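1. model the structure of this input:
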Amino acid sequence: MAKRDYYEVLGVSKDASAAELKKAYRRVAMKHHPDRNPGDKASEDKFKEASEAYEVLSDAQKRAAYDQFGHAGVDQSGGMGGGAAGAGGFGSFSDIFGDVFGDIFGGGGGRRGGPSRGADLRYNLELSLEDAVRGTNVQIKVPTLVGCETCDGSGAKKGTSPKTCTTCGGMGQVRMQQGFFSVQQACPTCRGKGTIITDPCGSCHGQGRVEQTKKLSVKVPAGVDTGDRIRLSGEGEAGAEGGPAGDLYVEVHVKRHEIFERDGADLYCEVPVDFVDAALGGELEVPTLDGRVKLKVPAETQTGKLFRLRSKGVTPVRGGPRGDLMCRVVVETPVDLTHKQKELLREFQSTMKGGKNSPRQSSWFDGMKNFFGDMKI
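-> Okay, here's the model as predicted:
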């Protein structure tokens, strides 16, 4: 049985944030956890399916591979591994239960202060077909958050340091009574950090990060196509409180070309041919990405005829043989004819012998006659 799409399993869109993924997983896990549904094989399977989906989508690298290659891009051969459910079977229902109630009461469920990884960023890069096929180096500008140099990311004014929060004693959490339940939630004073900045840095206003536009050089490999992504490790947003930076994903969009259309490794183009060359045959110059080449058009060539120029297409970015260039003939009807030219065409027309010279037209008319002959009016 084919696996369902991981985003569909969790009920989220493909651009869902990490927080949305986590919330969706908790919702499914709460509903189908085996501790709540003893002996229910269907619920157990749905729980395992959600855990596998969350394991992949919560990991930035695995998620990028899944987005690009689907299930084939993530290795699940070793089982669910260290996923959300745990390698030893099912995650504790009480853990999920506590997380959900932590969210309800604003606690973030087990959240602790300290460094956290920065967000991943995405940049849309438009390329010409030529640059996508041959590869190139481009300079991009990316607005992001970087660590404040004035305070070294601490958020405190130079010469000072954050103070331990007196409300939670540096734990970042407080315990609250909600009816019959005793629930932990993020400390309202320090917002879960465990520390308070009494004298904030003037450059970042206590945030530890500042907005900045970074200039980056991106090496685009030959053969990329629309939808391919290039990962720049550590070039995303700086992490909070000195945490590691996220990654930057450069997504390729190839601009429309005025001559060629791409389909995988192959290129397609239309070649206009005047009706004399189409009827008598001739030789034409056609464009390729490597320059012009000669194309021999045999006599009696019809519109739509495809000519294949081998190895004049694209070498795929992931390897494999170079594709072909497919030239589609379009027989062009002459326009702006002179009086003399029209007379010559009428004289030529008078010599035509119906089905012998125009077999397709004759066949079409025969079919039309049969069609109307079969109709009952």
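
2. where does the prediction get shaky in the stretch 201-350 of the chain?
-> Of all residues in the stretch 201-350 of the chain, none has pLDDT under 70.

3. in it, which spans are strands?
-> Assigned by DSSP state E, counting those that start in this stretch, the strands in the stretch 201-350 of the chain fall at 209-220, 229-232, 248-254, 261-263, 266-274, 282-288, 291-297, 306-309, 325-332.

4. and those strands as CSV, adding distance to Asp120?
-> For glycine as for every other residue, the C-beta is placed from the backbone atoms N, C-alpha and C. CSV is the format used below for the strands of the stretch 201-350 of the chain (distance: least, CB to CB, whole Å):
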stretch, distance to Asp120
strand 209-220, 14
strand 229-232, 9
strand 248-254, 6
strand 261-263, 28
strand 266-274, 33
strand 282-288, 39
strand 291-297, 41
strand 306-309, 42
strand 325-332, 38
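
5. of those strands, which is nearest Gly242?
-> Closest to Gly242 of these is strand 209-220 (CB to CB; 10.0 Å).

6. would you mind measuring from Val210 to Ala186?
-> Note on Val210: its distance to Ala186, by CB to CB, to the nearest Å, is 25 Å.

7. ok, now Pro244?
-> Separation of Pro244 from Ala186 (CB to CB): 22 Å.

8. returning to what we had before: Val210 and Ala186 - which one has more neighbours?
-> Neighbours of Val210 and Ala186, each counted by other CB atoms under 10 Å, are more numerous for Ala186; the result is 23 against 19.

9. the more buried one touches Met176, doesn't it?
-> No - with contact defined as CB atoms under 8 Å, Ala186 does not reach Met176; the gap is 10.6 Å.

10. apart from its chain neighbours, what residue comes closest to Ser13?
-> Spatial nearest neighbour of Ser13, chain neighbours left out: Tyr7 (6.7 Å); criterion: CB to CB, 6 or more residues apart in numbering.

11. count of residues packed around the one you found?
-> 19.

12. how about residues contacting the helix or strand in which it is found?
-> In this structure, Tyr7 is located in helix 6-10 according to DSSP states H and E. Residues from elsewhere that reach helix 6-10 (CB atoms under 8 Å, 6 or more residues apart in numbering): 13-14, 16, 21, 24-25, 28, 49-50, 52-54, 56-57, 66.

13. which of the residues you listed are buried?
-> For the contacts of helix 6-10, a burial check counting by 16 or more other CB atoms under 10 Å picks out 16, 21, 24-25, 28, 49-50, 52-54, 56-57, 66.

14. which residues sit in contact with Ala72?
-> Neighbours of Ala72 in contact, by CB under 8 Å, 6+ apart: none.

15. looks to me like it is in a helix.
-> Yes - checked against DSSP: H, G, I helix; E, B strand; the rest coil, Ala72 lies within a helix.

16. hang on, isn't Ala132 packed against Pro221?
-> No - the pair Ala132 / Pro221 is not scored as a contact, 9.7 Å apart, by CB under 8 Å.

17. comparing these two, which residue is more hemmed in?
-> Legend: neighbour count by other CB under 10 Å for Ala132 and Pro221, higher for Ala132 (27 against 12).

18. work out for me the element that one sits within.
-> Counting by DSSP H and E, Ala132 is part of helix 129-134.

19. what comes into contact with that helix?
-> Contacts for helix 129-134 (CB under 8 Å, 6+ apart): 138, 220, 222-225, 252, 254-255, 257, 260, 262, 289, 314-315.

20. need the per-residue pLDDT for Asn137.
-> Asn137 is assigned 96 on the pLDDT scale.

21. returning to what we had before: out of the buried ones among the contacts of helix 6-10, which sit inside helices?
-> In this view, these that belong to helices under DSSP state H are 21, 24-25, 28, 49-50, 52-54, 56-57, 66.

22. now tabulate these in JSON lines and tack on pLDDT and distance to Gly147.
-> Shown next, in JSON lines, are those (pLDDT from 0 to 100; distance: CB to CB, whole Å):
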{"residue": "Leu21", "pLDDT": "88", "distance to Gly147": "26"}
{"residue": "Ala24", "pLDDT": "88", "distance to Gly147": "31"}
{"residue": "Tyr25", "pLDDT": "88", "distance to Gly147": "30"}
{"residue": "Val28", "pLDDT": "86", "distance to Gly147": "36"}
{"residue": "Glu49", "pLDDT": "90", "distance to Gly147": "39"}
{"residue": "Ala50", "pLDDT": "89", "distance to Gly147": "36"}
{"residue": "Glu52", "pLDDT": "89", "distance to Gly147": "35"}
{"residue": "Ala53", "pLDDT": "89", "distance to Gly147": "33"}
{"residue": "Tyr54", "pLDDT": "89", "distance to Gly147": "30"}
{"residue": "Val56", "pLDDT": "89", "distance to Gly147": "30"}
{"residue": "Leu57", "pLDDT": "90", "distance to Gly147": "28"}
{"residue": "Tyr66", "pLDDT": "84", "distance to Gly147": "30"}
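
23. max pairwise distance over those residues: which two?
-> Put simply, by CB to CB the two of these set farthest apart are Val28 and Tyr66, 17.7 Å from each other.

24. now the strands: where do they sit in the stretch 1-150 of the chain?
-> 121-127, 136-147.

25. adding mean neighbour count, write those out as TSV.
-> Shown next, in TSV, are those (neighbours: other CB atoms under 10 Å):
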stretch	mean neighbour count
strand 121-127	16
strand 136-147	15
